[in-house]
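Participant: Sequence first, predicted coordinates after that:
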Amino acid sequence: MSKYFEYLHTIGFEETNLVGNVYYVNYLRWQGRCREMFLKTCAPDVLAELQDDLKLFTLHVDCEFFAEVTAFDELSIRMRLVEMTQTQLEFSFDYVRLGADGGETLVGRGRQRVACMRGPNNRTVPARVPESLVRALEPYTPQTVPSR
């Protein structure tokens with residue numbers, strides 16, 4: 001399995017409901033936050049392109065839940081590249097609860113598909129994934145089996 005980019009997060013009260021469980025929408029927010037932290041850490045020049053005319057449109061997100069998490073649980077959100085085309089990227093996200101004893105529990109799994117676009121808001125067109133982003137994603141690219 002390929003290496004992952006990790007975003008660590010401590011759940012706060014504002015992310016829970018009256019019963020103390022995490023609102024589902026936060027899982028999607030954490031996907032976005034993980035992706036942002038990847039760009040900040042591994043591809044800061046892409047951030048400059050986003051200030052110019054590059055746009056990263058989220059086309060699809062999903063998440064499935066395996067166990068509940070509550071306030072003050074420590075999470076590791078682990079992003080991996082699933083697929084890269086000329087203009088789109090697909091990421092997977094594992095939500096892992098980190099135990100005080102060093103144990104880990106997979107509590108959820110999600111996916112996100114993103115399209116690269118360029119141009120003014122009223123005339124955006126598909127664009128190639130920036131070369132600097134391709135390079136930054138190399139360590140997170142799935143291993144391929146050589147053809148026989």
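Facilitator: Here it is on my side, so go on. Residues are numbered from 1 along each chain as shown.
Participant: Can you show me the strands along this protein?
Facilitator: For the chain, the strands defined by DSSP state E occupy 5-10, 54-65, 74-84, 88-98, 104-118, 125-126.
Participant: how about those strands in CSV, adding distance to Pro139 and mean pLDDT?
Facilitator: From N, CA and C alone the C-beta is placed, and that goes for glycine too. As requested, those are arranged in CSV below (distance: least, C-beta to C-beta, whole Å; pLDDT from 0 to 100):
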stretch, distance to Pro139, mean pLDDT
strand 5-10, 8, 98
strand 54-65, 19, 96
strand 74-84, 9, 97
strand 88-98, 14, 98
strand 104-118, 18, 98
strand 125-126, 26, 96
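Participant: Let me have the ones you listed in JSON lines, extended by mean neighbour count and distance to Pro44.
Facilitator: Listed next are those as JSON lines, based on neighbours: other C-beta atoms under 10 Å; distance: least, C-beta to C-beta, whole Å:
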{"stretch": "strand 5-10", "mean neighbour count": "16", "distance to Pro44": "14"}
{"stretch": "strand 54-65", "mean neighbour count": "14", "distance to Pro44": "13"}
{"stretch": "strand 74-84", "mean neighbour count": "18", "distance to Pro44": "17"}
{"stretch": "strand 88-98", "mean neighbour count": "20", "distance to Pro44": "17"}
{"stretch": "strand 104-118", "mean neighbour count": "17", "distance to Pro44": "17"}
{"stretch": "strand 125-126", "mean neighbour count": "11", "distance to Pro44": "24"}
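Participant: And the ones you listed: which comes nearest Lys40?
Facilitator: Lys40 lies closest, by C-beta to C-beta, to one member of these: strand 5-10, at 10.4 Å.
Participant: Look up how far Ala43 lies from the nearest residue to Gly119 once chain neighbours are set aside.
Facilitator: In this structure, Gly119 finds its nearest non-sequential neighbour in Val125, 5.3 Å apart by C-beta to C-beta, 6 or more residues apart in numbering. Noted for Val125: a distance of 22 Å to Ala43, by C-beta to C-beta, to the nearest Å.
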